[in-house]
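Colleague: predicted model and sequence follow; I will ask about them next.
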Amino acid sequence: MVDPVTSEKVSFSRQKLDVYGDAHPKKLLKAISEDGDHLKNLAEQHILSADQFSREELLQLFRLSAKFEGNPARFRTPLKGKILISAFYEPSTRTRLSFESAWHRLGGDIMSITDRSTTGIAKGESLEDVGEMFNNYGDCVVLRDSNEESVHLMMDSLRIPIINAGNGVDEHPTQALADLYTILKWRPGFISNPEETAKIKMGIVGIPNKMRTVRSLLKMLAKFPEFFEEVIIFHDGSSDDIFDPDQLEQLKESGLNVVQETDLKARLPELDIIYINAIAWVGNTFESFGDKFVINKDSPLKKDAIIMHPLARGEELDTNLDGTAHNWYFSQARGAVFLRMALLTCMCERTERVMDIVE
Amino acid sequence: MVDPVTSEKVSFSRQKLDVYGDAHPKKLLKAISEDGDHLKNLAEQHILSADQFSREELLQLFRLSAKFEGNPARFRTPLKGKILISAFYEPSTRTRLSFESAWHRLGGDIMSITDRSTTGIAKGESLEDVGEMFNNYGDCVVLRDSNEESVHLMMDSLRIPIINAGNGVDEHPTQALADLYTILKWRPGFISNPEETAKIKMGIVGIPNKMRTVRSLLKMLAKFPEFFEEVIIFHDGSSDDIFDPDQLEQLKESGLNVVQETDLKARLPELDIIYINAIAWVGNTFESFGDKFVINKDSPLKKDAIIMHPLARGEELDTNLDGTAHNWYFSQARGAVFLRMALLTCMCERTERVMDIVE
Amino acid sequence: MVDPVTSEKVSFSRQKLDVYGDAHPKKLLKAISEDGDHLKNLAEQHILSADQFSREELLQLFRLSAKFEGNPARFRTPLKGKILISAFYEPSTRTRLSFESAWHRLGGDIMSITDRSTTGIAKGESLEDVGEMFNNYGDCVVLRDSNEESVHLMMDSLRIPIINAGNGVDEHPTQALADLYTILKWRPGFISNPEETAKIKMGIVGIPNKMRTVRSLLKMLAKFPEFFEEVIIFHDGSSDDIFDPDQLEQLKESGLNVVQETDLKARLPELDIIYINAIAWVGNTFESFGDKFVINKDSPLKKDAIIMHPLARGEELDTNLDGTAHNWYFSQARGAVFLRMALLTCMCERTERVMDIVE
């Protein structure tokens, strides 16, 4: 006889997994002095690229993110009465829900577009005209589109801020913000005690020229080149155009020490951070990448190494690492919600509702 | 000349139709003494199956549902600040909107996924990983998927509650809750005056092995076998596997008197409840069922018989019954919203906001 | 080397473009005396057709719209606790978001359906039954469907109000409301000083028989025939059925002076309003119309002429007109949100929360 499902079988625990990273934001919070002044420009900016942030803006954004993450129930209504237009013309669960959750936690309302075919664009409306309409309908736009140009076209007519949540193979700046926030939660000593904090060897599995997350991440790391002893791009050697023509030059000019390798295993034992990524965009679709670069519990990881992963996981990252202290990818996803809360609050002119010192 | 549409032509009345069932919840409310203690376990349980509920939990849930239904305007904000992830990977209006309406009536916010193809699952993300992400984004998940296993997979990684809103041909437990709630609204005497309340002959048109609503309903009826003189499954005799191998055994072990018949008309005059159902799942799609079992105003219904129907209506249930006292299917759909409100309030740790006595 | 994106490059201004129309609603507000009495019938009406409104209702609706537009931050919660069912079975960005923005600005919650294939209708559920369910789930329905009959079918079972947001080639009454509102914002003298206000020559590029916006607009203009010296329908002469058999008769009976022309350029210098429209419905899809009728900055427009456009813009309206005083199409789209706020407030029995005088 089939056993009936009893209430014991469906019990769950609300306790957090004891992964590293969850308890850390308070150290980062303490390391950075609050100064909202640096954030006031964000109320008059679109978010297009990881390039556009100053170091001071980044640190204050991370501080505010840590403030939200450390006490999620404290601020419930900073965006009350504000309307988000969440326009995802390309498939996404993680990024769309991360933004929408951030917005709802701040008390705002949302209108979602999850499919280009249900919109006026299908009738031939231009993106500039869509932007003009959005001015009337909401207070902020989050846009993902497989076409790089879409966000640029929409920006032309917007008088409300827009966030690039992924434009083709170009950029995904808020992911890069969340990535750097994760790194600083892990090693807040870079801020509180820079002299005695060891520099990082970071390995990135991915193709900077085909992955928007990697492109934006590298731009972000280039804001703090002094944190990194070496940033190693791992690829399988099959492609000639790992970097955009000017991409590597821009990075080196910043002082970031970027090198390339094809043998992940050989270098793994010395890496402090492994950033692994599975999906590369090719044309208008994506293809899996990096099955040659699989890491699991038996990989020769440095004892304190952390693993980061920005996207839908494939076979490249074994689930047997989930319960280990190397797993900072769950913390990275969690932190992204609070990072987005911080960014949205500032962009929507509500900084003074969550910070003590704003000019 | 075309008559212009005048304001008279488009007038409507907000008055409720005088169908039975609408005014009843207060009798049920009176019949059950409030004791929230029995509901506290629901804050740490996923809802997977009709099996998992105790009799005491069920009665207290129905009492709370009746409290909501009897005075819909009383509780507006029990779920304020909470976020629902409404994930319907299989087409649905009724169930999705029923859950979302329940959540909104309680003051919560919602993020909807109405199409699997717009999600990261399309990029190969596992359901365990989706569950892990959902932990960061919301406070409760409602999932419908044509794959039976999906809810089980997602449960593994969730630290927030999930409700199975239909998993393939397996179960649809909240529909069964709404069904039993309807029966008790109709005959509250089972609670207030069991000795003098006549037992029910209930006919179910459908295949317990292919219809998740019927499977869950039978498990639910098996919690209260003493209400039923006989539960008759009507099918057309064309199928060998009306029941799952162990399903019938489980039901009989509970004491529920379940029999099978093929001639609905012959038994119709003696049935107190006719539960009719049109759609059976076969593989990954559904097929219409029961055109042999049509009921209408001229069918030989017992005078006081009530008709229930859980799903999108096809030809099996004639609309000429809508205006009669046999129509409890509209009341059943209405009650489902309040039943879901009760369940969601308890699952999301807000029972104490709506009940007087919670330990 | 690629220039990094600096914060200057992504700066934007929240200032409104100095297009005509934005500052005007206060004149209209002043011209009409508040009298909410005329709006009370709207709480018991579906919105099906432009025909159904009385002159007094229209003026009071426009006054309330102007009140909202003139001070958008004043009323934030009139629809608090109300749930909108936004059912767009046909592609739309502009209209869906316009309604949803209006609803959110009034503090209400929303459940969206953006695709017929995700609904129970795909399983064969009738629209009457969907309407019956909607009674349980929400407080108002907005429906767009390419099938003319859908709104009529759903109306049959609804006990909550429904708004026709476009039914095939038939009507789109709230667009027509927004259109007439725009005209009165532009020339409030028709109300405040009718004797000295010049009558309008209005050109409409489009086919009244194939465009629901034009059909509804003409019905709306026919409520105030004394505003118009002449209303000229421009078409390319290729079609025999510019008007429905009785449509022209109905218009003339109202006293509206409607004529037809094929040469837009010849008449352009004398037109006060040019209403241009690109998309005509043919069967179940739409086709572009009017590439013969392109207007741009070099067109021989009257100095004070205004241009209106209700839909996704194609090539018929050059973007080089956007920065000119002829551009009232942006103002028209903006005003539509406030018009819908006014209508929704009245339909959902909350007029007394936003008006001083309601009987």
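Modeller: Thanks, I have it.

Colleague: so who does A:Ile162 touch?
Modeller: Neighbouring residues of A:Ile162 by C-beta atoms under 8 Å, 6 or more residues apart in numbering or on different chains: A:His46, A:Ile47, A:Gly131, A:Cys140, A:Val141, A:Val142, A:Leu143, A:Val151, A:Met154, A:Met155. Glycine gets a C-beta too; all of them are placed from N, C-alpha and C.

Colleague: list phi and psi for the fifth one.
Modeller: It stands for A:Val141. Main-chain dihedrals, A:Val141, degrees, to the nearest 10: phi -120, psi 140.

Colleague: same question for the last one.
Modeller: Backbone torsions of A:Met155, given as degrees, to the nearest 10, read phi -60, psi -30.

Colleague: from C:Arg353, how far out is the closest residue to it other than its chain neighbours?
Modeller: In this structure, A:Met155 finds its nearest non-sequential neighbour in A:His46, 5.4 Å apart by C-beta to C-beta, 6 or more residues apart in numbering or on different chains. Distance from A:His46 to C:Arg353, counting by C-beta to C-beta, to the nearest Å: 36 Å.

Colleague: and these two? which has more neighbours close in?
Modeller: A side-by-side neighbour count of A:His46 and C:Arg353, using other C-beta atoms under 10 Å in any protein chain shown, places A:His46 first with 26 against 14.

Colleague: test my guess that the more buried one contacts A:Ile160.
Modeller: No - between A:His46 and A:Ile160 there is no contact under C-beta atoms under 8 Å: 9.4 Å.

Colleague: mutual contacts of these two, please.
Modeller: In contact with both A:His46 and A:Ile160: no residue, using C-beta under 8 Å, 6+ apart.

Colleague: so chain A: which segments form each domain?
Modeller: A:77-168, A:173-334 (automatic domain parsing).

Colleague: for the first one, what is the average pLDDT?
Modeller: For domain A:77-168, the mean per-residue pLDDT is 91.

Colleague: residue of the stretch 151-300 of chain A with the smallest distance to chain C?
Modeller: The minimum distance from the stretch 151-300 of chain A to chain C, using C-beta to the nearest C-beta, falls at A:Asp246 (4.0 Å).

Colleague: any idea of the pLDDT on that residue?
Modeller: A:Asp246 is assigned 90 on the pLDDT scale.

Colleague: how close does it sit to chain B?
Modeller: To chain B, A:Asp246 is 29 Å away according to C-beta to the nearest C-beta, to the nearest Å.

Colleague: dihedrals phi and psi, that residue?
Modeller: phi -100, psi -10.

Colleague: residues contacting the closest residue to A:Leu39 other than its chain neighbours?
Modeller: Nearest residue to A:Leu39 in three dimensions, chain neighbours excluded: A:Cys346, at 4.6 Å (C-beta to C-beta, 6+ apart). When contacts are counted by C-beta under 8 Å, 6+ apart, A:Cys346 touches A:Leu39, A:Lys40, A:Leu42, A:Ala43, A:Leu61, A:Leu64.

Colleague: check which helix or strand the fifth one maps to.
Modeller: A:Leu61 belongs to helix A:55-70 when assigned by DSSP states H and E.

Colleague: so for that helix, what gets flagged as buried?
Modeller: Neighbour-count burial for helix A:55-70, counted by 16 or more other C-beta atoms under 10 Å in any protein chain shown, picks out A:57-70.

Colleague: with stretch A:154-171 instead?
Modeller: In stretch A:154-171, the ones that count as buried by 16+ other C-beta under 10 Å are A:154-155, A:157-158, A:160-171.

Colleague: how about the secondary structure of the closest residue to A:Asp236 other than its chain neighbours?
Modeller: Nearest-residue entry for A:Asp236: A:Lys292, 5.2 Å, with adjacent residues in sequence omitted and distances by C-beta to C-beta, 6+ apart. What DSSP: H, G, I helix; E, B strand; the rest coil gives for A:Lys292 is coil.

Colleague: pLDDT score for A:Lys292?
Modeller: At A:Lys292, the predicted lDDT confidence score is 73.

Colleague: quick one: the strands in chain A?
Modeller: Listed in chain order, the strands of chain A (DSSP state E) span A:83-88, A:109-113, A:140-145, A:162-167, A:200-205, A:228-234, A:258-261, A:273-276, A:279-282, A:285-288, A:306-308.

Colleague: next one: the closest residue to A:Lys199 other than its chain neighbours from chain B, what distance?
Modeller: In space, and not counting its chain neighbours, A:Lys199 is closest to A:Glu229: 4.0 Å by C-beta to C-beta, 6+ apart. Remark: distance between A:Glu229 and chain B (C-beta to the nearest C-beta) = 31 Å.

Colleague: who is the nearest residue to A:Ile204 once chain neighbours are set aside paired with across the strands?
Modeller: Nearest residue to A:Ile204, sequence neighbours excluded (C-beta to C-beta, 6+ apart): A:Tyr275, at 4.6 Å. Using DSSP bridges, the bridge partners assigned to A:Tyr275 are A:Ile204, A:Met308.

Colleague: from A:Val258, how far out is A:Tyr275?
Modeller: 13 Å.

Colleague: let's have the strands of chain A in TSV, adding distance to A:Tyr181.
Modeller: Formatted as TSV, the strands of chain A follow (distance: least, C-beta to C-beta, whole Å):
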stretch	distance to A:Tyr181
strand A:83-88	21
strand A:109-113	23
strand A:140-145	18
strand A:162-167	16
strand A:200-205	15
strand A:228-234	16
strand A:258-261	21
strand A:273-276	13
strand A:279-282	22
strand A:285-288	25
strand A:306-308	11
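
Colleague: ok, back up a step: if I pick the residue nearest to A:Met155, what's in contact with it?
Modeller: The contact partners of A:His46, taken as C-beta under 8 Å, 6+ apart, are A:Val151, A:Met155, A:Leu158, A:Pro161, A:Ile162, A:Ile163, A:Asn164, C:Val10, C:Phe12.

Colleague: look at it and report its pLDDT.
Modeller: We have a pLDDT of 98 for A:His46.

Colleague: identify the bridge partners of A:Val142.
Modeller: Judged by DSSP bridges, the bridge partners of A:Val142 are A:Ser86, A:Ile163.

Colleague: quick one, helices of chain A?
Modeller: For chain A, applying DSSP state H gives helices covering A:25-31, A:55-70, A:94-105, A:127-137, A:150-157, A:173-186, A:189-192, A:212-221, A:247-254, A:264-267, A:329-347.

Colleague: which positions in stretch A:255-262 come out as buried?
Modeller: Across stretch A:255-262, burial judged by 16+ other C-beta under 10 Å covers A:Leu256, A:Val258.

Colleague: anything in that stretch near chain C?
Modeller: No - using C-beta under 8 Å from any C-beta of the partner chain, stretch A:255-262 stays clear of chain C, coming no nearer than 12.8 Å.

Colleague: give the rounded mean pLDDT of that stretch.
Modeller: Mean predicted confidence for stretch A:255-262 is 96.

Colleague: got the residues of the stretch 1-150 of chain A near chain B?
Modeller: With C-beta under 8 Å from any C-beta as the criterion, the stretch 1-150 of chain A meets chain B at residues A:1-2, A:4-7, A:9-17, A:73, A:76, A:88, A:91-94, A:97-98, A:100-101, A:104-105, A:110, A:112, A:114-115.

Colleague: could I have the buried ones of those as PyMOL selection syntax?
Modeller: When burial is assessed using 16+ other C-beta under 10 Å, the buried subset of the residues of the stretch 1-150 of chain A next to chain B is captured in PyMOL by this command:
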select buried, chain A and resi 5+7+10+12+88+91+92+93+94+97+98+100+101+104+105+110+112+114+115
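
Colleague: now the contacts of A:Cys346 as TSV including pLDDT?
Modeller: Listed next are those as TSV, based on pLDDT from 0 to 100:
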residue	pLDDT
A:Leu39	94
A:Lys40	91
A:Leu42	96
A:Ala43	95
A:Leu61	98
A:Leu64	97
